[in-house]
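Student: my questions are about this predicted structure, shown below with the sequence.
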Amino acid sequence: MEKSISALRTQLRTEIRKIRQNLTALEQAQAEQIVTQKALDLIRKRNAQHIALYLSFDGEISTKLLIEKLWAMGKKVYLPILHPFCKGHLLFLQYTKETVLIPNKFAISEPQLNVKNILPLEQLDIIFTPLVAFDKQGNRLGMGGGFYDRTLQDWQSKHFIPVGLAHQCQQVDSLPTESWDMPLFDILVG
Ligand SMILES: Nc1nc2c(c(=O)[nH]1)N(C=O)[C@@H](CNc1ccc(C(=O)N[C@@H](CCC(=O)O)C(=O)O)cc1)CN2
Ligand SMILES: Nc1ncnc2c1ncn2[C@@H]1O[C@H](COP(=O)(O)OP(=O)(O)OP(=O)(O)O)[C@@H](O)[C@H]1O
């Protein structure tokens, strides 16, 4: 019998996560340089001020350099936190040099919840998303929690654009998609 879409997605996640974790420090650093430049070009072109990023883990392309540059440019940076009671949803909180970070249940650092620091989704200009795999059509496969799927639902009718950041090794010919998957505006590859 053919494998279900869900089983194919799980298998692909496991395979690509392993490849991504095995990238060398040099490969990681080179990819970060390239993606940072591409992201800065896009931010300039769209005159974006409010930019959502993420703190990398599991071999994800690092966002450290980009965040430092955005701070230096006076741009506002936001990070996702797991919603405290709305399961499967994210909130975006401002991230500054002073922000206290605490590990969430996946051991990913996130800003401590403080309602004063929440930015409504409508006020973000660009949401840079992590991803596990992507294809040429702009489809995105994430870690499997559906967090970004929910956040990006119907993004075409909203102000922000979702842009994936990825290593070349995360590209596949064609992702097995589900009805709720939202193709991204663009994917910057390092
Ligand atoms: N850097 C980063 N931050 C992010 C995401 C991401 O993909 N990358 N997310 C994007 O959505 C959200 C977190 N989603 C995640 C979903 C699953 C696992 C994970 O490690 N799952 C384990 C099982 C963990 C468990 O249940 O204990 C696994 O699959 O091995 C991690 C993060 C929000 N923040
Ligand atoms: N827009 C949505 N509304 C309700 N449920 C959703 C939505 N999107 C995804 N889900 C649910 O979330 C679960 C995980 O989805 P999926 O496997 O596509 O996650 P993912 O894209 O890999 O993860 P993430 O977006 O967190 O990186 C699915 O079982 C699905 O039922």
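Tutor: Sure, I can see it. Ligands and ions are numbered 1, 2, ... in the order given.
Student: pull the longest helix from the chain.
Tutor: Counting residues, the longest helix found in the chain (DSSP state H) is helix 25-45.
Student: what packs against it?
Tutor: helix 64-72, strand 126-129, strand 161-166, strand 186-189 (3 or more C-beta pairs under 8 Å, 6 or more residues apart in numbering; DSSP states H and E). To be clear about C-beta, it is placed using only N, CA and C from the backbone, and glycine gets the same treatment.
Student: for L82, which of those is the nearest?
Tutor: Each of those was scored for nearness to L82 using C-beta to C-beta, and the closest is strand 126-129 (15.1 Å).
Student: list the strands paired with that closest one, with their directions.
Tutor: If you go by DSSP bridges, strand 126-129 pairs up with strand 50-52 (parallel), strand 161-166 (parallel).
Student: mean confidence for it?
Tutor: In this model, strand 126-129 has a mean pLDDT of 98.
Student: flag the shaky bits of the protein, pLDDT-wise.
Tutor: 1 (pLDDT under 70).
Student: enumerate the residues of this structure near ligand 1.
Tutor: Counting by C-beta under 6 Å from any ligand atom, the chain comes close to ligand 1 at 54-57, 60, 80, 106, 108, 130, 142-145, 147-148.
Student: still on that earlier bit, how about the helices and strands packed on helix 25-45 in JSON lines, adding mean neighbour count and distance to ligand 2?
Tutor: As requested, the helices and strands packed on helix 25-45 are arranged in JSON lines below (neighbours: other C-beta atoms under 10 Å; distance: least, C-beta to the nearest ligand atom, whole Å):
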{"stretch": "helix 64-72", "mean neighbour count": "16", "distance to ligand 2": "19"}
{"stretch": "strand 126-129", "mean neighbour count": "24", "distance to ligand 2": "7"}
{"stretch": "strand 161-166", "mean neighbour count": "24", "distance to ligand 2": "10"}
{"stretch": "strand 186-189", "mean neighbour count": "18", "distance to ligand 2": "14"}
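Student: quick check: bridge partners of the closest residue to F185 other than its chain neighbours?
Tutor: Nearest non-adjacent residue to F185, counting by C-beta to C-beta, 6 or more residues apart in numbering: I161, 3.9 Å away. Bridge pairing for I161 (DSSP bridges) gives the partners I126.
Student: still on that earlier bit, can you list the buried residues in the longest helix of the chain?
Tutor: Across helix 25-45, burial judged by 16 or more other C-beta atoms under 10 Å covers Q28, A31, E32, V35, T36, K38, A39, L40, L42, I43.
Student: I figured the third one hits G190, correct?
Tutor: Yes. In this structure, E32 is within contact of G190 by C-beta atoms under 8 Å, at 6.5 Å.
Student: what residues are shared contacts of those two?
Tutor: I61 (C-beta atoms under 8 Å, 6 or more residues apart in numbering).
Student: can you list the residues of this protein near ligand 2?
Tutor: 9, 141-150, 153, 178, 180.
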